[in-house]
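Colleague: Dropping the sequence and predicted coords here.
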Amino acid sequence: MIIKNFINGQYVDPIGDEWIENYCPADGEIYGKIPDSTRDDVEVAYIAAKSAFPSWSATPVEERSRILLNIAETIENNLERLAEAESEDNGKPVKLAKRIDIPRASQNFRFFGHAITQFSSESHETVGKNAINYTLRQPLGVVGCISPWNLPLYLFTWKIAPALAAGNCVVAKPSEITPLTAFMLGEICNDAGLPKGVLNIVHGFGHKAGQAIVEHPDIKAISFTGGTQTGAKIAATAAPLFKKMSLELGGKNPNIIFADCDYEAMIDTTVQSSFSNQGQICLCGSRIFIERPIYDKFKSDFVARIEKLRVGHPNDDHVDIGALVSKDHLEKVLDYVDIAKNEGGKILCGGERFIVKGFDDGYYMNPTVIEVDSDDCRANREEIFGPVVTIMPFDTEEEVLEISNKVDYGLSATIWTNDLSRTMRMSHAIHSGIVWVNTWMLRDLRTPFGGVKNSGVGREGGFEVLRFFTEPKNVCIKY
Ligand code: NDP
């Protein structure tokens with residue numbers, strides 16, 4: 001499989017003819033190669049986007065919307081092959097990609113295809129001064145979208161769809177580890193009638209192709225999802241260039257369980273919030289705090305449930321946990337298990353590499369539950385981003401709030417309780433961009449999405465992201 005850049009509506013080789021090997025996590029085999037793009041490729045992509053901008057930004061909103069809805073439908077029509085590609089590239093179970101990743105990629109285009117028709121300017125009559133003020137929302141020009149490997153097409157399109165809806169042209173880079181569905185998106189956009197040059201996809205390493213996008217003086221905004229360290233580097237590069245920036249970064253999200261919760265719903269959801277997508281979702285609740293009266297019961301019930309999860313080849317429909325995304329990542333996650341052990345953590349289940357028969361070189365790992373006796377340990381403070389959770393009892397609301405807020409991250413939090421006043425107190429006091437009460441990852445695309453502290457700057461979703469991808473201009477007319 002040869003993956004190429006998608007520039008000006010065509011698939012092209014990288015100018016330098018340098019390539020990167022791409023691995024299939026399920027068996028550890030090389031399955032293809034992708035462009036090792038450089039600044040030169042980014043420049044060609046930028047020129048294509050710049051040339052397309054005058055026409056795309058002047059295209060009536062109804063027409064832009066119609067094209068976005070076509071892309072949504074074309075993704076839906078390709079559900080099976082996109083899901084299989086996503087799984088081959090990322091290691092996630094095919095059934096998960098079919099149920100979550102690909103439908104959501106389609107929904108991203110459908111949602112913003114509709115949302116843009118409802119996104120309007122404000123006007124203010126300035127009474128007493130015979131003036132009317134209105135605010136134009138103009139597209140920025142050419143924008144850069146950079147996305148990670150965990151939810152490849154889902155997060156790639158979560159940026160691209162609103163950028164295009166708002167009238168921008170895009171230079172985008174998916175993760176070098178999971179380029180396949182982004183590659184397929186080019187053809188889908190052509191089939192759906194997206195004009196040439198409006199979307200350009202450049203593959204390659206973050207420190208080369210990604211960095212060139214961020215450094216490009218005429219790419220007006222950077223929408224980035226990825227790790228906190230990378231986010232800091234991007235911010236340091238883009239800030240002196242006065243670019244708009246949206247940074248969706250890491251998380252270390254608390255899952256806070258009070259004894260009065262609906263226990264069955266809580267435990268079902270907690271299995272999901274801990275290990276969906278092999279725990280490689282920025283929203284996973286990787287620190288589980290349980291009120292002491294139900295701690296022992298939770299511990300044994302939870303571990304029993306986790307031990308029943310089936311780890312295996314992503315193509316197998318009976319599998320709950322597929323492969324981790326890469327060998328490096330598997331090693332990083334296993335290192336964290338060792339760190340936790342050295343810090344006194346008790347491994348209640350998992351903790352080891354798992355060999356799937358016939359796929360011995362695949363990057364599999366048992367889902368792992370670690371009991372810690374203090375929140376003040378690396379396993380509890382640092383983002384592991386794999387199938388590993390810590391559990392710990394707590395006694396009071398004040399105590400759990402303090403330990404929840406003590407980490408550097410603040411993306412999401414989950415609270416399980418049936419006490420309304422406590423729900424309100426906790427939701428307001430917790431340091432995070434998103435709070436789920438008695439549920440997890442229930443998404444409504446109209447809501448603001450993003451984190452506080454080291455989890456990011458800015459919000460995606462709904463009108464928030466359409467505001468990000470437009471520049472407000474105030475026009476004041478005296479009459
Ligand atoms: P990385 O930060 O390593 O990479 C993200 C993207 O940025 C990749 O495309 C990467 O390229 C690129 N990149 C790397 N360096 C640069 C640079 N200097 N300039 C421009 N681009 C660069 O993250 P991962 O892919 O490892 O993803 C996992 C991380 O993403 C986790 O921390 C997770 O929490 C976070 N995440 C956050 C979400 C949120 O909404 N807050 C959602 C999902 C994930 P390359 O492929 O070469 O690495």
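Modeller: Perfect, thanks for sending it.

Colleague: Show me how far stretch 454-464 is from its chain's centre.
Modeller: Relative to the centre of its chain, stretch 454-464 is centred 11 Å away, using Cα atoms, centre = their mean, to the nearest Å.

Colleague: and it, how far apart are its ends?
Modeller: End-to-end distance of stretch 454-464: 20 Å, with Cα to Cα, to the nearest Å as the criterion.

Colleague: Run through the protein and note the low-pLDDT ranges.
Modeller: For the chain, no stretch is flagged by pLDDT under 70.

Colleague: how about the nearest residue to the residue nearest the centre of it, chain neighbours excluded?
Modeller: The chain has Leu155 as the residue nearest its centroid, 4.7 Å off, counting by Cα atoms, centre = their mean. Nearest residue to Leu155, sequence neighbours excluded (Cβ to Cβ, 6 or more residues apart in numbering): Ser147, at 4.6 Å. Placement of C-beta: from N, CA and C, glycine included.

Colleague: Share the number of residues neighbouring Ile347, please.
Modeller: Residues lying near Ile347 (other Cβ atoms under 10 Å) number 16.

Colleague: Wasn't it part of a strand?
Modeller: Yes. Under DSSP: H, G, I helix; E, B strand; the rest coil, Ile347 sits within a strand.

Colleague: shouldn't it be in contact with Lys341?
Modeller: Yes. Contact criterion Cβ atoms under 8 Å: Ile347 and Lys341 qualify, at 6.6 Å.

Colleague: got a list of what the nearest residue to Val12 once chain neighbours are set aside touches?
Modeller: Leaving out its chain neighbours, the residue that sits closest to Val12 by Cβ to Cβ, 6+ apart is Asn5, at 5.3 Å. Asn5 makes contact with Tyr11, Val12, Asp13, Pro14, Pro35, Ser37, Asp41, Ala45, Asn200, Ile201, Val202, His203 under the criterion Cβ atoms under 8 Å, 6 or more residues apart in numbering.

Colleague: so how far is Leu164 from Asn5?
Modeller: To Leu164, Asn5 is 18 Å away according to Cβ to Cβ, to the nearest Å.

Colleague: what does Thr269 give?
Modeller: For Thr269, the distance to Leu164 equals 34 Å [Cβ to Cβ].

Colleague: For the two, indicate the residue with more neighbours.
Modeller: Leu164 (29 against 21).

Colleague: CA-only coordinates of the helix or strand harbouring that one in CSV, if you can.
Modeller: Counting by DSSP states H and E, the element that carries Leu164 is helix 152-165. Provided in CSV are the C-alpha atoms of helix 152-165 (Å, rounded to 0.1, in the frame of the first residue of the first chain):
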residue,chain,number,x,y,z
PRO,A,152,-7.7,9.1,13.4
LEU,A,153,-10.5,10.0,11.0
TYR,A,154,-12.8,11.0,13.8
LEU,A,155,-10.4,13.8,15.1
PHE,A,156,-9.1,14.7,11.7
THR,A,157,-12.6,15.5,10.4
TRP,A,158,-13.6,17.2,13.7
LYS,A,159,-11.2,20.0,12.7
ILE,A,160,-11.4,19.9,8.9
ALA,A,161,-15.3,20.0,8.7
PRO,A,162,-15.7,23.2,10.6
ALA,A,163,-12.7,24.9,9.0
LEU,A,164,-14.2,24.2,5.5
ALA,A,165,-17.8,25.0,6.6
